[in-house]
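Student: sequence first, then the predicted structure:
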Amino acid sequence: MTSVATATASLLPIATGQLSTQPPIMQIIPILLATFSLLRTFLSQTLRVVVALVTPLLIFVPLVFRLLAPVILVFHIILDAAVYTPYAIISSVASALYPVYIFCGVACISGAVLGILGRSLVALSNNVIVPELPTAAESLHAVSMRPRKRRRKSSFAEDS
């Protein structure tokens with residue numbers, strides 16, 4: 001029984017005096033600093049190796065550009081004709097028609113608001129002046145609760 005009590009007491013930090021006053025984040029900060037320092041060193045060394053390997057290949061860059069110049073020029077002409085010119089035309093037409101667009105939008109919104117308000121005012125004035133009376137069909141349906149029989153529709157075949 002005493003072994004169980006001592007095992008439990010040794011697991012508690014208060015009993016062993018291992019209570020730390022630092023928050024848990026402060027215990028993680030040195031690990032993160034060491035990790036980022038190692039990562040920075042690794043990346044800088046990798047960059048040095050890549051630059052050392054690529055530097056001799058920079059001699060061929062002007063040669064490649066001179067060989068690809070006709071292809072680049074054709075793509076530039078196609079891009080100019082298919083993308084840039086239509087975009088410029090659409091942009092200029094849209095900027096020229098913007099006031100008309102705003103005018104029509106405001107007119108539609110104003111018309112809708114005035115129509116809804118007008119309909120509401122007319123319905124309100126009609127209800128104030130002449131309250132709604134039940135219609136004849138509603139009163140007849142309320143009086144007669146028996147189901148109606150449907151007439152059988154005659155077809156053209158029976159008429160002949």
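Tutor: Received the coordinates, thanks. Numbers count the residues shown, from 1 in each chain.

Student: quick one: low-confidence ranges for this protein?
Tutor: Scanning the chain for pLDDT under 70 picks out 1-20, 133-150, 152-160.

Student: one more time with 80, if that's ok
Tutor: Scanning the chain with the threshold set as pLDDT under 80 gives 1-20, 131-160.

Student: any chance you could map the helices in it?
Tutor: Counting by DSSP state H, one finds helices in the chain at the ranges 2-11, 13-16, 24-54, 61-79, 85-129, 136-143, 156-159.

Student: could I get the ones you listed as TSV with mean neighbour count?
Tutor: Every residue, glycine included, has its C-beta placed from N, CA and C. Output for the helices of the chain, formatted as TSV (neighbours: other CB atoms under 10 Å):
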stretch	mean neighbour count
helix 2-11	9
helix 13-16	10
helix 24-54	10
helix 61-79	10
helix 85-129	10
helix 136-143	9
helix 156-159	6
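
Student: for residue 57, see how far away residue 51 is.
Tutor: 11 Å (CB to CB, to the nearest Å).

Student: do the same with residue 114
Tutor: Residue 114 is 72 Å from residue 57, where distance means CB to CB.

Student: go on, residue 89?
Tutor: Distance, residue 89 to residue 57, using CB to CB: 43 Å.
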